[in-house]
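Asks: I would like the atomic coordinates for the input below:
(6 chains)
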There are 4 protein chains.
Amino acid sequence: MTPRIDPEERREEILDAVLRCFARTGYNGTSMDDVVEESGLSKGTLYWHFKNKRELFMAAFDRVMNQMVEPFMQMFEADVPVVERLRLFEQSSKILVSAEQELSTMPLNFLLEIWQDEEFSQHYLDVLGEFANSTREMIREGIENGELREVDVDGVTWGIMALYDGIFLYHLTGFPMKSANVFEVMTNVLIEGLVRRDDK
Amino acid sequence: MTPRIDPEERREEILDAVLRCFARTGYNGTSMDDVVEESGLSKGTLYWHFKNKRELFMAAFDRVMNQMVEPFMQMFEADVPVVERLRLFEQSSKILVSAEQELSTMPLNFLLEIWQDEEFSQHYLDVLGEFANSTREMIREGIENGELREVDVDGVTWGIMALYDGIFLYHLTGFPMKSANVFEVMTNVLIEGLVRRDDK
Amino acid sequence: MTPRIDPEERREEILDAVLRCFARTGYNGTSMDDVVEESGLSKGTLYWHFKNKRELFMAAFDRVMNQMVEPFMQMFEADVPVVERLRLFEQSSKILVSAEQELSTMPLNFLLEIWQDEEFSQHYLDVLGEFANSTREMIREGIENGELREVDVDGVTWGIMALYDGIFLYHLTGFPMKSANVFEVMTNVLIEGLVRRDDK
Amino acid sequence: MTPRIDPEERREEILDAVLRCFARTGYNGTSMDDVVEESGLSKGTLYWHFKNKRELFMAAFDRVMNQMVEPFMQMFEADVPVVERLRLFEQSSKILVSAEQELSTMPLNFLLEIWQDEEFSQHYLDVLGEFANSTREMIREGIENGELREVDVDGVTWGIMALYDGIFLYHLTGFPMKSANVFEVMTNVLIEGLVRRDDK
DNA sequence: CATGAATGAGGTTTCATTCAT
DNA sequence: GATGAATGAAACCTCATTCAT
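Replies: Numbers count the residues shown, from 1 in each chain, chains lettered A, B, ... in the order given. Next up is the predicted model:
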């Protein structure tokens, strides 16, 4: 038998294996047997720690999502002008792109493979919704203190998120582009397109 | 049994059914039996007209993709200033969003469900690559004739595409936003962020 | 491939195999793989003809049940005094006992293995209910024409059925008794216990 | 963790849980995990007290069987005419029917769920065999002292048992009949069918 | 005595694909 | 061209049993 270890540790061990599998072949492309092989554990053990395949992958998703969202969340609380905070988006995004494959590949891949799954979809919306709230607040603040033009707050909020997620998606798809560069250039365009211009 | 009809017509009939299935349940969620039921044809017939499931869905994808890309392609050739052409992006995008569900749901959904499929992935890259070329040319033209700032052409090119695809993705995901509004606002931000400012 | 045969014939072929398996090891003791082996067909074929294991066994049950109930049903319509008809129970029962193993083993075995299955249970109740109706009618007729004592019709009806099913059950359980003899003796006791006695 | 308690007490505790599980879902429908949950004990504890699932359920069966057989056994020893003793069958049977669900559901259900189990089958036969012996003795006595007709002793013995078990089975199956009434009526029919009539 | 994580064989079901008719 | 029965590998999941702690 495998030597007994802390259940929580075992869970993490399993999630590690899941992430590796998923990065390689995605949700539908990964069988529980694949996870068995990758983890070196038995099928029964997987099902002892997780109810079923979906729960397993949702747990993996959560872990990655939290890791990825964190730098952005910190950014929202930086005590600098809104424009500077926007510029931090660039850095946070670059982190994602440079992060280890298995981490970065997960989230969108995940989102889209489970496209049809109602419950999962809702869960994802919740996470992103929170993110949207923070962004919205930041934009509003920027407008109020005169840093930004008087744009439609909600439109810009979702637009910014879509922009960065879009670039990230393209990155993951393997398009022949320099991802870090695209993040940089577009962050600049975004800021230029949002700042208030006194001369007008 | 079934009266013989023109093979080309039969193919279209099948693709129609495939698209309906796909819009409902995606690639992995659609079995060949589902297509059989939806089309009212037999399994053998499907396999007579298409080599296998992948070919079948790739054909369906191509048909939709062409339909969706067309308005954008026309836009590239409009005989108006670059800035105006950029503004046309907004309109073309809105068409997508308002199009019939089954058409609009396809492409990203598709792309991501077959994520792992080497051959398909390449195919998709080719289509998008062509699109990128047109965009790149347009940006270059804008810079050369002084309409736009001197930005990194390649970065902006992929950035623009990522932005619109990103919004489209969010739209499909069902985020609680006014998609048409987001397209409009972000097109504006994009242009404001790209145009040359004489006063500088 | 197996040469193509009539679907109806194939269904019967499968049911034959199922009955053989079931007679040997019961419902829970029979795996679909067992049926595969016994039938010489593939698993896919089983599932092509029957939705799932339960449907498969329910179909098998129906076939046997009909075969077994038939002689009794004919008996109900015999144009002889009620007492004579009751005596025919004995003969019909003996047929069951002497019938080929696979036929006779089925029904109770069936009933009891699927004990918990709501839908199946109802189905069985329906079949037996019909049987009860015929019995009840017969008893009533016997009382009215003075052949039988004035007993509680419903109680006797279910009692008779329980008696014969009970003996049949004991037979199947393999108790060390001469089943045919028990049927004979008890039929006699039953009739003696039911007939009207003028001298009273 | 759990305070040590008397092993015998612990066994009873487990059997109680088993019986509750069994009454709900039967042998095959009850997993050891179900028993774990129902008992509030651990898997290891169950296996410490019982060799395996079969032993566990056999022990539960024995306990119930003894409880159920007891009133009948007492009846055999009643110091009254055989006909009166037969009439006591009715009362004993009614007890079964009115007993708590979990107790009454067991025996036949049990018998038939483990139908295929050689060892268990034998065990059951032994218990019933003993019962048969007592019945046989009673019938023989009745014939000898002139209370009963000269019937085939063995046939009647098994017939009586089959009758009561049959009614009990029907009761458990949930047939739409008044069980107590059926017991009453059939006991009467049985006695009427067995008693010697001087007028002959 | 007690625990509960670990095991892995075996269960049911799905589904892309083939091919005799 | 068209049909649909047949195939069988592979998917997800269950569960009786073991054993280190």
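Asks: OK, contacts around A:A162?
Replies: Shown in contact with A:A162 (Cβ atoms under 8 Å, 6 or more residues apart in numbering or on different chains): B:L163, B:G166, B:I167, B:L169, B:Y170, B:V182, B:M186. Yep, even glycine has a C-beta here, placed from its N, CA and C like the rest.
Asks: out of these, who's the most crowded?
Replies: B:I167 (30 neighbours; other Cβ atoms under 10 Å in any protein chain shown).
Asks: residue contacts, that residue?
Replies: A:W158, A:G159, A:A162, A:G166, B:S93, B:S179, B:V182, B:F183, B:M186.
Asks: secondary structure and distance to A:S134 for those - can I get that in JSON lines?
Replies: Output for these, formatted as JSON lines (DSSP: H, G, I helix; E, B strand; the rest coil; distance: Cβ to Cβ, whole Å):
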{"residue": "A:W158", "secondary structure": "helix", "distance to A:S134": "13"}
{"residue": "A:G159", "secondary structure": "helix", "distance to A:S134": "15"}
{"residue": "A:A162", "secondary structure": "helix", "distance to A:S134": "16"}
{"residue": "A:G166", "secondary structure": "helix", "distance to A:S134": "19"}
{"residue": "B:S93", "secondary structure": "helix", "distance to A:S134": "26"}
{"residue": "B:S179", "secondary structure": "helix", "distance to A:S134": "21"}
{"residue": "B:V182", "secondary structure": "helix", "distance to A:S134": "18"}
{"residue": "B:F183", "secondary structure": "helix", "distance to A:S134": "23"}
{"residue": "B:M186", "secondary structure": "helix", "distance to A:S134": "19"}
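Asks: where's the dip in pLDDT among the residues you listed?
Replies: Lowest pLDDT of the contacts of B:I167: B:S93, 86.
Asks: list the contacts for the nearest residue to it once chain neighbours are set aside?
Replies: Nearest residue to B:S93 in three dimensions, chain neighbours excluded: B:F183, at 4.6 Å (Cβ to Cβ, 6 or more residues apart in numbering or on different chains). Applying Cβ under 8 Å, 6+ apart, we find B:F183 in contact with B:F89, B:E90, B:S93, B:K94, B:V97, B:Y164, B:I167.
Asks: switch the cut-off to 10 Å
Replies: Contacts here follow Cβ atoms under 10 Å, 6 or more residues apart in numbering or on different chains; on that basis B:F183 touches A:155, A:159, A:162, B:89-94, B:96-97, B:163-164, B:167-168, B:171.
Asks: what about A:E147, neighbour count?
Replies: There are 19 residues near A:E147, going by other Cβ under 10 Å.
Asks: please apply the same query to the one 4 residues further on.
Replies: A count of nearby residues for A:V151, using other Cβ under 10 Å, gives 20.
Asks: look up how far A:D62 lies from the closest residue to chain D within chain A.
Replies: When scored by Cβ to the nearest Cβ, chain A has A:W48 as its residue closest to chain D, at 10.6 Å. For A:W48, the distance to A:D62 (Cβ to Cβ, to the nearest Å) stands at 19 Å.
Asks: and for A:G159?
Replies: 26 Å.
Asks: please apply the same query to A:F168.
Replies: Distance from A:F168 to A:D62, by Cβ to Cβ: 18 Å.
Asks: for A:L56, same thing?
Replies: 11 Å.
Asks: who has more neighbours out of the two?
Replies: Neighbours were counted for A:L56 and for A:D62 using other Cβ under 10 Å; A:L56 has more, 22 against 13.
Asks: which residues touch the closest residue to the more buried one other than its chain neighbours?
Replies: Of all residues not flanking A:L56 in the chain, A:F50 sits nearest, at 4.1 Å (Cβ to Cβ, 6+ apart). By Cβ under 10 Å, 6+ apart, the contact set of A:F50 is A:R11, A:I14, A:L15, A:V18, A:M32, A:V35, A:L56, A:F57, A:M58, A:A59, A:A60.
Asks: check what pLDDT A:F50 gets.
Replies: 97.
Asks: returning to that earlier point: ok so the residue of chain A closest to chain D is a helix residue?
Replies: Yes. Looking at A:W48 with DSSP: H, G, I helix; E, B strand; the rest coil, it is inside a helix.
Asks: in this structure it contacts D:K43, no?
Replies: No. Using Cβ atoms under 10 Å, A:W48 is not in contact with D:K43; the gap is 11.4 Å.
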